[in-house]
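> Show me how the following folds:
(2 chains)
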Amino acid sequence: MNLVQEGPYRYRIEPTGPMRVPGVVFASRALLRDAEQALQQVANVATLPGVVEASYAMPDVHWGYGFAIGGVAATDPADGGVVSPGGVGFDISCGVRLLAADIDADGLRPVLRDVMDGLDRAVPRGMGKGAVWRLRGAEELTGILTGGSRFAVERGHGVPRDLDRCEDGGAVADADPGQVGARAVERGAGQVGSLGSGNHFLEVQRVAAVHDDAVAAAFGLRRDQICVMIHSGSRGLGHQVCTDHVRVMEREMPRYGIRVPDRQLACAPVESPPGRAYLGAMAAAANYGRANRQLLAEAARRVFERVAGVRLDLVYDVSHNLAKLEEHEIGGRRRRVCVHRKGATRAFPPGHPELPPDLRDAGQPVLVPGTMGTASYVLTGVPEGRAFYSTCHGAGRAQSRHQAARGVSGRDLRARLEADGIAVRASSWRGLAEEAPAAYKDVTAVIEAGEGAGLCRKVAELRPVGVVKG
DNA sequence: ATGTGC
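Numbers count the residues shown, from 1 in each chain, chains lettered A, B, ... in the order given. The predicted structure follows:
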C-alpha cells in the first residue's frame, strides 16, 4: 500500500484503479504497523458508488468485515450513493454509556465489594439469554425498536433527563420494525438489558485525570469521582439484521449494476428498496441497542442506590457502529449524505445545533472504552471536525482471541487485576483471558493520534476500579 | 460482535 504522509498523524492513499476518492488515514506509523489488510479495506471502500470526499480511517483502524473497523465513509444518495451493512458492522449501534456518581473513590472504597457483588447479580451477561427487562408481548418489542431509550424511559426505566444526554434524544428516527425479520425478533425478545460478551463490559471507574476543567465540569465530571461505563450493543437482534440484509443485497446488487472488489462490501443505493429496507431495520436495531444500554444503566443505578445510597447521572450515550443521513458541507455546498461510522464515534464540536443546550458550549461527550487494566477516555469534538465529525472508538485489538487466551489464563489475569486494586466479576475465565490488556493496542497512543490529527480533544481519563465482564 | 461454524 502506497501511503503518502500529508501531515503529522495523516496519511493518504492515492486513488488508483476503481477508487473514486482517496483514502485518508489519521494515525501514526506505529499504529499502522500490521494494518496492511485494513488499509486495503480503506482503499476498497473508496470504490463504492456515490462515495464523497475520501474513505477515512481513524487511529484505531484494524481489519473488519468488508469495511475496516475504524472506517468512516459518506455517500451521496442523490448521486447513486449506497448504504452497506458492512459499513456499520454486525453489532449495530454498539456504543458506550457513561454515568457519573455523586461520590468519589475514597467514599466508595468501603462498599466497593458489596457494589461489585450487587452488579455481579444484577447484570445479565455472556452468550445467550438472560435480560433485565422481561417483555410482555410483541408490542413492547415494537416499542423498543421504534422508540429506543425513549420508550424505555416512558415505561419507567429511567428519568426524562436521561434522554437529553442520549445521541438522537434516545431514538433514531425512521426505524422500520417491519424490516426486522422473524429470526431477529426471536433472538432479541429475551435480551433487552443484557451486556453480551467479548469486549463488552460494565466498569466502575475513577476519574484519574482531568485535562480540561471547564468541559469536564459541563459534562458533570471532576477528579477522583466514581463513574460507571457501559459498553454494549444490539446483541443477537442486530447481528441477525446484518446477516439478513447482507444476504438480500448480495443477491440484488447486479440489478443496480454495482460491482465491488470484495463480496463483504455488499451494498444497495440508499434510494432503493433494499437500501431503504436496511436503513429501516438498522435504525430499529440501533434503538434496540440504545434501550439495552438504558436498561443496563437502570440495573446499575438500582445497585448503587440500594447498596451505597449513591445516585448515577447520565453523562452521555453514543454509538460507534451506525450509518446516518446527515448534512455536511462537501465541496463548498451543503449535501445530505449517508455517513457510515464503523468503530468510529461521532464527535460534534462546541456550538453544534444538535447538542442539548447544556452541552452547547462544551461540545459532544465522546466516550472511548479502553481495556480492563488500562484507561478509558472522555473526549470532545473540535471545530475542524474532519471525517464528518468523527473520531476513534477504542484501543483496537493487537492479538487474536486465541493468542490472547494462550498468553494468560483467566484466573491469573483476575489475580493480577485484583492485585492492582481492580475488582473483577467475570462470567467466563476464557472470555476474560481473551480480553487481556496485552491483546489490545495502547489506547493512550490512539487518543494521542486522534488529538494530533485534529479529530477530538481530551477531556478526562478514567481508570477501572471494578470490572463486570461477559 | 454472534445460539463463534458447512
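> Name the residues of the host helix or strand of residue A:300 that are buried.
Here residue A:300, judged by DSSP states H and E, is contained in helix A:273-308. For helix A:273-308, burial by neighbour count (16 or more other Cβ atoms under 10 Å) applies to A:274-301, A:303-304, A:307-308. To be clear about C-beta, it is placed using only N, CA and C from the backbone, and glycine gets the same treatment.
> Quick check: residues of chain A near DNA strand B?
Within reach of DNA strand B by Cβ under 7 Å from any atom of the strand, chain A has these residues: A:65, A:90-91, A:94, A:127-128, A:183, A:186-187, A:191, A:196-200, A:233, A:235-236, A:239-240, A:430, A:435, A:470.
> Okay, and which of the residues you listed map to helices?
The helices, defined by DSSP state H, take in A:183, A:186, A:187, A:235, A:236, A:239, A:240, A:430 from the residues of chain A next to DNA strand B.
> among those residues, which ones are buried?
Neighbour counting by 16+ other Cβ under 10 Å classes A:187, A:235, A:236, A:239, A:240 among those as buried.
> where in the stretch 251-400 of chain A is pLDDT low?
Within the stretch 251-400 of chain A, no range satisfies pLDDT under 70.
> Now for whatever residue of it ends up closest to DNA strand B, how many residues are close by?
When distances are taken as Cβ to the nearest atom of the strand, the stretch 251-400 of chain A reaches nearest to DNA strand B at residue A:397, 7.5 Å away. Using other Cβ atoms under 10 Å, residue A:397 has 20 neighbouring residues.
> Identify the residues contacting the residue in the stretch 351-470 of chain A that DNA strand B sits nearest to.
Closest residue of the stretch 351-470 of chain A to DNA strand B, Cβ to the nearest atom of the strand: residue A:470 (6.2 Å). Shown in contact with residue A:470 (Cβ atoms under 8 Å, 6 or more residues apart in numbering): A:125, A:126, A:127, A:195, A:196, A:197, A:198, A:200, A:201, A:427, A:428, A:431.
> Let me see the confidence value for it.
With respect to pLDDT, residue A:470 has a value of 87.
> cool, residue A:433 as well?
Looking at residue A:433, its pLDDT stands at 95.
> can you check residue A:213 too?
Looking at residue A:213, the pLDDT reads 98.
> Tell me how many other residues surround it.
For residue A:213, the count of nearby residues is 13 (other Cβ under 10 Å).
> Quick check: the gap between it and residue A:444.
Residue A:213 sits 20 Å away from residue A:444, going by Cβ to Cβ, to the nearest Å.
> Residue A:43 now?
From residue A:43 across to residue A:444, the span is 28 Å (Cβ to Cβ).
> Which one's more surrounded, the two?
Using other Cβ under 10 Å as the criterion, residue A:43 and residue A:444 rank with residue A:43 on top: 22 against 15.
> I'd say that one and residue A:21 touch.
No - applying Cβ atoms under 8 Å as the test, residue A:43 and residue A:21 come out as separate, 10.2 Å apart.
> Could you tell me which residues touch both of those two?
Both residue A:43 and residue A:21 are in contact with residue A:55, where contact means Cβ under 8 Å, 6+ apart.
> Run a quick neighbour tally on the residue of chain A found nearest DNA strand B.
Nearest to DNA strand B, among the residues of chain A, is residue A:198, at 1.2 Å (Cβ to the nearest atom of the strand). Using other Cβ under 10 Å, residue A:198 is surrounded by 17 other residues.
> what residues are up against it?
Shown in contact with residue A:198 (Cβ under 8 Å, 6+ apart): A:431, A:434, A:435, A:470.
> Surely residue A:427 and residue A:126 touch.
Yes - judged on Cβ under 8 Å, residue A:427 makes contact with residue A:126 at a distance of 4.2 Å.
> the helices in the stretch 101-250 of chain A, which residues?
Secondary structure of the stretch 101-250 of chain A by DSSP state H, counting those that start in this stretch: the helices cover A:105-108, A:112-122, A:138-154, A:160-164, A:182-188, A:213-219, A:235-252.
> wait, which of those is closest to residue A:17?
Closest approach to residue A:17 among the helices of the stretch 101-250 of chain A is made by helix A:235-252 (22.3 Å; Cβ to Cβ).
> How far away from the center of its chain is that closest one?
Mean-position distance between helix A:235-252 and its chain equals 19 Å (Cα atoms, centre = their mean, to the nearest Å).
> got it, and stretch A:377-396?
Stretch A:377-396 has its C-alpha centroid displaced from the chain centroid by 12 Å (Cα atoms, centre = their mean).
> pull the CA atoms of that stretch into CSV?
Taking Å, rounded to 0.1, in the frame of the first residue of the first chain, the C-alpha atoms of stretch A:377-396 are listed here in CSV:
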residue,chain,number,x,y,z
TYR,A,377,-11.2,8.4,27.9
VAL,A,378,-13.8,11.1,27.6
LEU,A,379,-13.1,13.4,24.7
THR,A,380,-15.0,16.2,22.9
GLY,A,381,-15.5,17.3,19.3
VAL,A,382,-13.4,20.0,17.7
PRO,A,383,-14.4,22.8,15.3
GLU,A,384,-12.3,21.5,12.4
GLY,A,385,-14.4,18.3,12.6
ARG,A,386,-12.6,16.1,10.0
ALA,A,387,-14.2,12.9,8.6
PHE,A,388,-17.7,14.3,9.1
TYR,A,389,-17.1,14.9,12.8
SER,A,390,-15.8,11.5,13.7
THR,A,391,-13.0,10.1,15.9
CYS,A,392,-11.7,6.8,17.3
HIS,A,393,-13.8,4.3,19.4
GLY,A,394,-11.3,2.2,21.4
ALA,A,395,-7.9,0.6,21.6
GLY,A,396,-8.2,-1.8,18.8
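> Buried residues in that stretch, which are they?
Applying 16+ other Cβ under 10 Å to stretch A:377-396 flags A:377-382, A:385-396 as buried.
> Which of those fall within helices?
Per DSSP H, the buried residues of stretch A:377-396 map to helices at A:386, A:387, A:388, A:389.
> what's the distance between the last one and residue A:74?
Using Cβ to Cβ, one obtains 11 Å as the distance from residue A:389 to residue A:74.
> try the second one
Counting by Cβ to Cβ, the separation of residue A:387 from residue A:74 is 9 Å.
> same deal with the third one?
Residue A:388 is 6 Å from residue A:74, where distance means Cβ to Cβ.
> Between these two, which contacts overlap?
Shared contacts of residue A:388 and residue A:74 (Cβ under 8 Å, 6+ apart): A:326, A:328, A:337, A:339.
> Now do the contacts for the residue nearest to the third one when sequence neighbours are not counted.
Beyond its immediate neighbours in the sequence, the residue positioned closest to residue A:337 (Cβ to Cβ, 6 or more residues apart in numbering) is residue A:74, lying 4.1 Å away. Residues in contact with residue A:74 (Cβ under 8 Å, 6+ apart) are A:51, A:52, A:53, A:81, A:326, A:328, A:330, A:337, A:338, A:339, A:340, A:388.
> dump the residue contacts of residue A:199.
When contacts are counted by Cβ under 8 Å, 6+ apart, residue A:199 touches A:231, A:369, A:394, A:435.
> All good on my end, thank you.
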